[in-house]
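Engineer: no FASTA, just this:
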């Protein structure tokens, strides 16, 4: 898991970096809010960020707001760290877009536990996103089958998206999970199969008669 650290104090920054590396995380270190924001909206950005509230330039609170406004579908778990500890401050931080909140001095065990919570939430969000994609894919198949289909009035072939004509069962099989098993309905049996069977029997009968006459 890649984690972003944004902390302007060098001692606190080094302490956080050392702990995260010790716990096996891939760490991206920044010194202020501007650097943090630049890293967060890049391609392949960290999914989890630890932001100090009070930083020069863009503070951690503003980074939260910018991250939430930039892409509402992007899953980034943000933990704010600050010396402010009143209920009003906590509410302000969460309303700005933070997912969690830690007060200084940071307890290492509490930080580790909060990170584990964040990772579990990110994993659940990914599972949910994958399920949504699967559902959208299934719905797109249903929409295709429910749409307007050009079909030949004589041979009943369907014209596909490439402007080629193909059998109905072939087209439906490509656009759904349907598997066809072929049979003969009563009407087609009387109209096609029965006369063909009669012709086959008559040919066999004639061949048998011919063999008797030859003998």
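Structural biologist: Great, that's in hand. It should be emphasised that the depicted structure is a prediction, and the values quoted were computed from it without experimental measurement.
Engineer: can you map out the strands along the protein?
Structural biologist: Secondary structure of the chain (DSSP state E): strands at 2-6, 26-30, 48-52, 77-82, 100-103, 158-159, 165-166.
Engineer: show me what counts as buried in the fifth one.
Structural biologist: What it means is strand 100-103. By 16 or more other CB atoms under 10 Å, the buried positions in strand 100-103 come out as 100-103. Backbone N, C-alpha and C define where each C-beta goes, glycine included.
Engineer: please apply the same query to the first one.
Structural biologist: Of all the residues in strand 2-6, those buried under the rule 16+ other CB under 10 Å are 3-6.
Engineer: tell me which of those residues is nearest to residue 200?
Structural biologist: Nearest to residue 200, judged by CB to CB, of these is residue 3 at 76.4 Å.
Engineer: and that closest one, how far is that from residue 57?
Structural biologist: Separation of residue 3 from residue 57 (CB to CB, to the nearest Å): 21 Å.
Engineer: go on, residue 83?
Structural biologist: Distance of residue 83 to residue 57, computed by CB to CB: 19 Å.
Engineer: with residue 48 instead?
Structural biologist: Distance, residue 48 to residue 57, using CB to CB: 22 Å.
Engineer: and which of the buried residues of strand 100-103 is nearest residue 183?
Structural biologist: residue 100 (61.6 Å).
Engineer: what's the spacing between residue 93 and residue 28?
Structural biologist: 21 Å.
Engineer: for those two, work out which one has more neighbours and name it.
Structural biologist: Neighbour tally, residue 93 and residue 28, criterion other CB atoms under 10 Å: the higher count belongs to residue 93, 24 against 20.
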